[in-house]
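Chemist: Fold the following, please.
(chains A and B)
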Amino acid sequence: MTRYIVRRLLAMPLLLLGVATAAFFLSHVTKADPLSAIVSERQMNNPEIVAAAKARWGLDRSVPEQYAIYIGNLLQGDLGTSFRTRMPVANDIMARLPATLELVLFAMVFGVFGGVALGIAAARWRDTMIDHAARLVALIGSSMPVFWTGLILLYVFSVALGWLPGPGRIDARAVPPAGATGFYTLDALLAGDIDAFLKALSHLVLPAFVLGWAVMGVISRLVRGSMLDVLEQDYIRTARAKGAGERRVLVVHALRNAMIPTLTIIGHSFAYLITGAVLTETIFAWPGVGSYAVDSARTLDHPAIIGVTLVGAAAFLLSNLATDVAYAVFNPRIGFGGADG
Amino acid sequence: MFRFPAPRARAALAALILPLALAAPAHAQTLVIARDMDVNSLDPHRGFCDTCQIVFSSVYERLVDLAADNKTIIPLLAESWTSNDNQTVYTFTLNASAKFADGSPVTSAEVKWSLERLASLKADPGFLMDGLASIETPDARTVVITMAAPNSELLGILAAPYASIVNAKVAGAAGAASGAGADTADTAESWFLANSAGSGPFTLAAYAADDELRLARNDVYWRDAPAAAEVVIRQVKDSVTQAQMLQSGGADIAMQVDADTAAGLSDPNVVVSTVPSFNFVYIALGAGAEGMPIKMTKPVREAIGLAIDYEGAIDLIVGGEGKLQAAPIPNGFPGTENLPLPKRDVEKAKALMAEAGVAGPVKLDAVYPSVNVYGVDFNLLMQKVQQDLTEIGIELALQPVTFPVWRERIGATGIPVTAVYYAPDYFGSGQYASFFGLYEGSPWYNRSHAAKAEDAANPNMAEKMAAALAAPADKVDAAFHEVGMEMISDRIIIPVLSPNLILAHRANVEGVRYSACCNLPLAEISVK
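Modeler: Below is the predicted model of the structure:
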């Protein structure tokens, strides 16, 4: 297994280089001029200003030249400077990634545990009120737009009831916990600041719930379907005939096999949310990678677009690897291929 | 209808959640503003945006300022000034008490360095220094600015936040350069994203793009200290979220609450007021755009102007919170008094179309940026215009696009009918004449492709603009009135509405006002 993981990890830089190349040329295919993100309306009419801006940002060079420079810098870890924020793209991403990861991790915990529990319950008590209720929760979670759910929940719990704080990672009047990870909850805990931890956690509750609910809906439906299939299998009947308790039958025998197809969705959802939680980030004023990606695309911020694409690609590659490893853990019959398979 | 849970259930839910609830604000003197920030640089001589105006005018100071009446120029770093008769030479005397945040005095050398830097960086706000001939510094407190041509608006320009005076020693040590070659020699832009070097009431404490910007009170400020010890501008894109933050106390001021959301804000802790703004939204016609089935002559353009239901647009698009505007110069700016406001007259419009020989339905492309700016949803605006123009036989093919795509299209082939917006860069009407005037080489001369049209170029415009800039103070209004009339008669730029500005803040916040130069003067705001 270790060799398999190492081999996959070693292949990643090459794949990412391919992604960067594709993203670079795709972002240059559009006819629109990225200068519009750099030079104001009035000055676009001024050839001297336009020439100075092109020279400053390297846009006066041919596309192949720009590509060679970009790849050269990329190999040294330099993702370029954002046209929009005027900051190094690597810094921009590193500033936003912890916020996104913290949100997505909490959302996934809620979505996965909630979804699996709902799916098991729905399958175990098929066609009962429990099943119907679980399906309704799943349906609402996966069909209601997150911006609507977000606004409603914000109104109810923050404005009307005052139980939870409003948007943002932490109250604007509070000092954000300083720490190495950038995860406010973890940094606060590491610093022993329980008050800051609770504040950061309270800000996570609503956006993580909204984001996780959509994931939960999909997972619960998938787990229910898989569980219903598995519960019909002979080995489940055998387990029951041998006197295994219902909980053991469900969790140990049935769920282990029912989880295989679900793992793909979990891995895919995690990777997707790294750059795809835009609406949640917008409603909850969450300074994450998703809204950075959208703003970059909207303004033709080429370095930022490529940078975010690389992050998204890395997230998918890593989540695919984790999913493949998890397959083997849940079902030892699935090997890793190759000599150590 | 939504109903809150029963009391017992609420209590149980509260017991679960309350430990997580946010404690009361710890810093009462912290002013929190919810805003969709559009910062493109925090270097005052490079940045060019609405948020930049707020930040630059709080961190840096200019020679002069614009008074609360949004008309009168008042002293700031300069305690007095004079100009020669033809308004080419302006002499300023600096206030001896003025000092930067590091305690060093503001001298004429810093003024010269800063304004020359603004002129030489070849960045967005550099046009403000167009026509600058020289800056002399006879002594530490005297600055003599000489312009190549008369400029009656120089004081308004110098009141703009982009004309900020920067501590040359501090910024210079960080790589800032001024004068010839500064556009390539200057390397300070990234430094300005984390630091400031001004003499204003605040200093830049921290900035995280797309997240928040923090200002701290300048403890050695040379004039009255601001009430707030700290200002936090929190990035909040959504209008409804901004309103909710205001209601929950998460923000003290929300700057982009739209009219519909504001109408639903019935909270005793929130004050919502509307004031006329100097922003406006306009329809622009590409007289020489390619691919039109008709010639967009002046009668056709006039017919389009007459077919638009301006009052209806204000009601529909901004819920009545807007004003009519006559010319592409905002209401209240020099020369706008008594300009004829636009009025709908469909019969006259039809007659003009007939006179132009345009019969039957005509299809025109209407490419526009798909944005929501100043509370104006451009999709809704263009749908309204589309509906109005069908009455005179014009069918618009609406094509919402991103801003970069719109720019590319309008520059390459032109766009028959489009919509755009404008906010003032400083207090003065010259910026509008130079941007919208149909004289050769102007931005809208190029964008409307006027050179390819028979009657779009305005041969009087350049002369009228120069005359207005050379006019003595008592004749400036009359001169710009003529400029405004010329632009109305061009029928290329058709202002549809000037949206009111919605100022929403907590009831315990005082001193919130709209400034034509600086947007929101933070130093005047206090939290009680």
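
Chemist: Is B:I233 in a helix, a strand, or coil?
Modeler: Secondary structure assignment for B:I233 (DSSP: H, G, I helix; E, B strand; the rest coil): strand.

Chemist: For it, list the residues it contacts.
Modeler: By C-beta atoms under 8 Å, 6 or more residues apart in numbering or on different chains, the contact set of B:I233 is B:33, B:35, B:37, B:51, B:54-55, B:212-215. For glycine as for every other residue, the C-beta is placed from the backbone atoms N, C-alpha and C.

Chemist: next one: B:A356
Modeler: B:294-295, B:297, B:299-300, B:303.

Chemist: which of those sit farthest apart?
Modeler: Largest separation among the contacts of B:A356 by C-beta to C-beta: B:K295 and B:A303, giving 12.7 Å.

Chemist: So those two - more neighbours on which side?
Modeler: Neighbours per residue (other C-beta atoms under 10 Å in any protein chain shown) separate B:K295 from B:A303, with B:A303 holding more: 27 against 15.

Chemist: So, low pLDDT: which residues of chain A?
Modeler: A:334-341 (pLDDT under 70).

Chemist: Quick check: A:G290 is in a helix.
Modeler: Yes. Under three-state DSSP, A:G290 sits within a helix.

Chemist: Include pLDDT when you put the contacts of B:A356 into CSV, please.
Modeler: Conversion of the contacts of B:A356 to CSV gives the following (pLDDT from 0 to 100):
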residue, pLDDT
B:I294, 92
B:K295, 92
B:T297, 95
B:P299, 95
B:V300, 96
B:A303, 97
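
Chemist: Which ones among those map onto helices?
Modeler: B:299-300, B:303 (DSSP state H).

Chemist: buried residues in stretch B:234-241?
Modeler: Residues of stretch B:234-241 classed as buried under the neighbour-count rule (16 or more other C-beta atoms under 10 Å in any protein chain shown) are B:234-241.

Chemist: next one: stretch B:191-209
Modeler: Going by neighbour count (16+ other C-beta under 10 Å), the buried part of stretch B:191-209 is B:191-193, B:195-205, B:207-209.

Chemist: PyMOL command to pick out the buried ones of the contacts of B:I233?
Modeler: Buried residues within those, by 16+ other C-beta under 10 Å, are selected in PyMOL with:
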select buried, chain B and resi 33+35+37+51+54+55+212+213+214+215
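
Chemist: quick check: longest helix of the chain.
Modeler: Just going to use chain A. Ordering each helix of chain A by length in residues (DSSP H) puts helix A:194-231 first.

Chemist: you looked at the wrong chain, it should be chain B
Modeler: helix B:476-490.

Chemist: Quick check: next helix or strand after that helix?
Modeler: Counting by DSSP states H and E, the next helix or strand C-terminal to helix B:476-490 is strand B:493-499.

Chemist: in the stretch 301-450 of chain B, which spans are helices?
Modeler: Under the criterion DSSP state H, counting those that start in this stretch, the stretch 301-450 of chain B carries helices at the ranges B:310-318, B:346-355, B:378-389, B:403-412, B:430-436, B:443-447.

Chemist: For chain A, what is the nearest residue in the stretch 401-528 of chain B?
Modeler: B:P404 (3.7 Å; C-beta to the nearest C-beta).

Chemist: List the residues that contact B:Q256.
Modeler: Taking C-beta under 8 Å, 6+ apart, we find B:Q256 in contact with B:35-36, B:239, B:242, B:375.

Chemist: ok, back up a step: ok, of the helices of the stretch 301-450 of chain B, where does mean pLDDT dip lowest?
Modeler: Lowest mean pLDDT within the helices of the stretch 301-450 of chain B: helix B:403-412, a mean of 89.

Chemist: Which strands and helices lie in contact with that helix?
Modeler: Judged by 3 or more C-beta pairs under 8 Å, 6 or more residues apart in numbering or on different chains; DSSP states H and E, helix B:403-412 is in contact with strand B:362-369, helix B:443-447.

Chemist: Run through who's touching the longest one.
Modeler: Surrounding strand B:362-369, the residues in contact under the criterion C-beta under 8 Å, 6+ apart are B:289, B:291-294, B:378, B:382, B:385-386, B:393-403, B:406, B:409-410, B:415-420.

Chemist: Also the shortest one?
Modeler: Taking contacts as C-beta under 8 Å, 6+ apart, the residues outside helix B:443-447 that touch it are A:41-42, A:44-45, B:284, B:286, B:410-411, B:414, B:435-439, B:450-451, B:456-457, B:492-493.

Chemist: Can you name the element that comes right after it?
Modeler: Downstream of helix B:443-447, the next assigned helix or strand under DSSP H and E is helix B:461-470.

Chemist: nearest to B:F280, of the contacts of B:Q256?
Modeler: So of the contacts of B:Q256, ranked by how close each gets to B:F280 (C-beta to C-beta), first place is B:G375, at 12.3 Å.

Chemist: Can you tell me the closest non-neighbouring residue to the closest one?
Modeler: Closest residue to B:G375 apart from its sequence neighbours, by C-beta to C-beta, 6 or more residues apart in numbering or on different chains: B:D258 at 4.3 Å.

Chemist: I figured that neighbour was touching B:D238, is that so?
Modeler: No. B:D258 lies out of contact with B:D238 (C-beta atoms under 8 Å); the separation is 10.0 Å.

Chemist: tell me which parts of the stretch 401-528 of chain B are close to chain A?
Modeler: Within the stretch 401-528 of chain B, the positions near chain A by C-beta under 8 Å from any C-beta of the partner chain are B:402-405, B:407-408, B:411, B:425, B:435, B:441-443, B:446.

Chemist: switch to 10 Å and redo it
Modeler: B:401-409, B:411-412, B:420-422, B:425, B:431, B:434-435, B:441-447 (C-beta under 10 Å from any C-beta of the partner chain).

Chemist: Now, of those residues, which are buried?
Modeler: For those, buried by 16+ other C-beta under 10 Å: B:401-409, B:411, B:420-422, B:425, B:431, B:434-435, B:442-447.

Chemist: Save the helices and strands packed on helix B:403-412 as JSON lines, and put in distance to B:K464 too.
Modeler: Formatted as JSON lines, those follow (distance: least, C-beta to C-beta, whole Å):
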{"stretch": "strand B:362-369", "distance to B:K464": "29"}
{"stretch": "helix B:443-447", "distance to B:K464": "15"}
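
Chemist: A:G114: which of those is closest?
Modeler: That would be strand B:362-369 among the helices and strands packed on helix B:403-412, by C-beta to C-beta, at 41.2 Å.

Chemist: how about TSV for the contacts of B:A356, with distance to A:V6 added?
Modeler: TSV is the format used below for those (distance: C-beta to C-beta, whole Å):
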residue	distance to A:V6
B:I294	69
B:K295	70
B:T297	73
B:P299	76
B:V300	71
B:A303	73
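
Chemist: Return only those of these found close to chain A.
Modeler: Answer for these near chain A: none qualify (C-beta under 10 Å from any C-beta).

Chemist: quick one on the thing from earlier: closest one of the contacts of B:Q256 to chain A?
Modeler: Using C-beta to the nearest C-beta, the contacts of B:Q256 come closest to chain A at B:Q242, 8.9 Å.

Chemist: mind checking pLDDT for the closest one?
Modeler: B:Q242 carries a pLDDT value of 94.
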